[in-house]
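Undergrad: Sequence and predicted structure below; questions after.
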Amino acid sequence: MHDTPPNGPCFTNHPRHHAGCMPPVHLGLAFGKEILREVIGNLKCCDGLPTPYDLAETDDEYILTMPLPGFEAKDITVSVKGNDVLIEAERKADAPKDEAPAPAKPRPIITMGEYTWNRPRIEAKIPVKDEIDPENVKARLDRGILAVRFKKKPAAKIAVAE
């Protein structure tokens, strides 16, 4: 019988832990480091997880809503490229050009529901299945929620010649 450690049973103290029932840790270490490096790199470039959004579809349009608390309408750019809606938002520090820049302040932490933002820049590329009519896109920011309505581009009707 094996002794139980003073702080209770522990997996690493299990008699069969090093007896071949568990694969050696070093088998996937190089691969794991590569994956981890890529994930961490992606998180650093976008300063966290992707911004959540909701995309609703009707017969002739899409309605996209995205929480962007702390941003003003002047900070947000919405554009359409093919079947993608591109949203960029960036908070810029307002410093007079003739004065020295103010010392960096900690970014405010903004909480909305279960999501927390502490980033000055957001980029999102939202794909949709139908082509979008770029002439019929309307965006509105209301109390930190961006709503973008865009019409589906009608299918081209081609006349058949005899």
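TA: Good, I have the coordinates.

Undergrad: show me where pLDDT drops low in this protein?
TA: Confidence mapping of the chain against pLDDT under 70 gives the ranges 1-49, 93-119.

Undergrad: Tell me which stretches of it form strands.
TA: 54-57, 61-67, 76-81, 84-90, 110-112, 115-117, 121-127, 132-142, 145-152 (DSSP state E).

Undergrad: Now render those strands as a markdown table, adding mean neighbour count.
TA: C-betas here are computed from N, CA, C, even on glycine. Listed next are the strands of the chain as a markdown table, based on neighbours: other C-beta atoms under 10 Å:
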| stretch | mean neighbour count |
| --- | --- |
| strand 54-57 | 12 |
| strand 61-67 | 18 |
| strand 76-81 | 15 |
| strand 84-90 | 17 |
| strand 110-112 | 14 |
| strand 115-117 | 15 |
| strand 121-127 | 15 |
| strand 132-142 | 14 |
| strand 145-152 | 18 |
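
Undergrad: would CSV of the ones you listed with distance to residue 160 be doable?
TA: Output for the strands of the chain, formatted as CSV (distance: least, C-beta to C-beta, whole Å):
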stretch, distance to residue 160
strand 54-57, 30
strand 61-67, 29
strand 76-81, 31
strand 84-90, 32
strand 110-112, 53
strand 115-117, 52
strand 121-127, 32
strand 132-142, 25
strand 145-152, 24
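
Undergrad: got the domain boundaries for the protein?
TA: The chain breaks down by automatic domain parsing into domains covering 11-46, 54-152.

Undergrad: So what's the residue count around residue 143?
TA: Residues within reach of residue 143, counting by other C-beta atoms under 10 Å, total 7.

Undergrad: Roughly how far does it sit from residue 80?
TA: Applying C-beta to C-beta, to the nearest Å, the value for residue 143 to residue 80 is 24 Å.
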